[in-house]
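Participant: Fold the following.
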Amino acid sequence: MKSIVIIPAYNEKDNIIKTIEDIKLHHDGLDIIVINDGSSDETKKVLEQNKIDYIDLPINLGIGGAVQTGFKYAFENDYDIAIQFDGDGQHKASEINKLVKKLKKETDVVIGSRFLTKEENFRSTFMRRKGIWIFKIVNYLLIRQVITDNTSGFRAYNKRAIEFLSKHYPCDYPEPEAVVLLGKNGFRIMEISVEMQERGFGRSSIRNWRIPYYMFKVLLAIFMVAVRRRENNC
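Facilitator: The predicted structure is shown next:
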């Protein structure tokens, strides 16, 4: 089946090539498209120097806009499977086959989860774990599905999900919102346990002191998605 890896990247000049090399090492011939989300560093230059296929967004749209751009590209180019994969080195390319295998057999969307088993590969902060637990409860109440890792950006989608998300995708907090959006629109979602690692260079934009504020905004956005069923394009 025709498959592509979508990598959203914002200021990932120190991580992106290592990430792509990891994918090529484990999946030679798998198509890759990087969405350069208006990076202010030399991400674009690094991609050009290494002859990596990319789409250059003229301004920073945020993770939602970048990922939806990838879905639009995948839909327009008739891909059967799209794998969402972070550009910061946190995801392991060796785990991609797990998601694709489960996707082909059972479901529309597969989420790679750090929390499906009791052991994490690296220890996230207490506040993050608490936030993810709250998302799990809220999602169950809204769509009657237990998702242990709503914030994971390591996901695989079939053709039907690609088409839907190319037209309807949350802008602000896409990973947790997309779970509810997909569930409310009849898509089958499953999780599989994967190994992850700490990001390479740089740091997350959502640090401990911002997590309560982030949680409030995400929960509000999730409830709006649940009410409206579908979300406007970014």
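Participant: so how far is Gly186 from the most centrally placed residue in the chain?
Facilitator: Residue closest to the mean C-alpha point of the chain, counted by C-alpha atoms, centre = their mean, is Gly153 at 2.6 Å. Distance of Gly153 to Gly186, given as C-beta to C-beta, to the nearest Å: 23 Å. Yep, even glycine has a C-beta here, placed from its N, CA and C like the rest.
Participant: With His91 instead?
Facilitator: 27 Å.
Participant: Ok, Gln90 next?
Facilitator: Distance from Gln90 to Gly186, by C-beta to C-beta: 30 Å.
Participant: Tell me which of those two has more neighbours.
Facilitator: Gln90 (20 against 9; other C-beta atoms under 10 Å).
Participant: about what we covered before: tell me who's in contact with the closest residue to the residue nearest to the centre of the chain other than its chain neighbours.
Facilitator: Counting by C-beta to C-beta, 6 or more residues apart in numbering, Gly153 lies nearest to Asp86, which is 4.9 Å off, once chain neighbours are set aside. Contacts here follow C-beta atoms under 8 Å, 6 or more residues apart in numbering; on that basis Asp86 touches Ile7, Pro8, Thr19, Gly153, Phe154, Arg199.
Participant: what helices or strands is the host helix or strand of Ala226 leaning on?
Facilitator: In this structure, Ala226 is located in helix 211-228 according to DSSP states H and E. For helix 211-228, the packing partners by 3 or more C-beta pairs under 8 Å, 6 or more residues apart in numbering; DSSP states H and E come out as helix 126-143, helix 174-184.
Participant: got those as a markdown table, with distance to Ile35 and mean pLDDT columns?
Facilitator: Formatted as a markdown table, the helices and strands packed on helix 211-228 follow (distance: least, C-beta to C-beta, whole Å; pLDDT from 0 to 100):
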| stretch | distance to Ile35 | mean pLDDT |
| --- | --- | --- |
| helix 126-143 | 25 | 84 |
| helix 174-184 | 13 | 93 |
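Participant: Just name the most buried of the ones you listed.
Facilitator: helix 174-184 (a mean of 24; mean count of other C-beta atoms under 10 Å).
Participant: how close does Ile147 get to Ile83?
Facilitator: Ile147 is 18 Å from Ile83, by C-beta to C-beta.
Participant: Those two: who's more crowded?
Facilitator: Neighbours were counted for Ile147 and for Ile83 using other C-beta under 10 Å; Ile83 has more, 29 against 25.
Participant: hey, what's the more buried one bridged with?
Facilitator: In this entry, Ile83 is beta-bridged to Val5, Ala156, by DSSP bridges.
Participant: so what's it up against?
Facilitator: Ser3, Ile4, Val5, Ile6, Ile96, Leu99, Val100, Arg155, Ala156, Tyr157.
Participant: Now that the second one has come up, it's in contact with Ile35, right?
Facilitator: It refers to Ile4. No - counting by C-beta atoms under 8 Å, Ile4 stays clear of Ile35, with 11.6 Å between them.
Participant: Mind checking which of these two has more residues around it?
Facilitator: A direct count of neighbours by other C-beta under 10 Å for Ile4 and Ile35 places Ile35 higher, at 26 against 20.
Participant: where does the more buried one land in three-state SS?
Facilitator: strand (DSSP: H, G, I helix; E, B strand; the rest coil).
Participant: Hmm, it is touching Gly70, no?
Facilitator: Yes - between Ile35 and Gly70 there is a contact at 5.2 Å, judged by C-beta under 8 Å.
Participant: shared neighbours, the two?
Facilitator: With C-beta under 8 Å, 6+ apart as the test, Ile35 and Gly70 both reach Ile6, Ile7, Pro8, Ile55.
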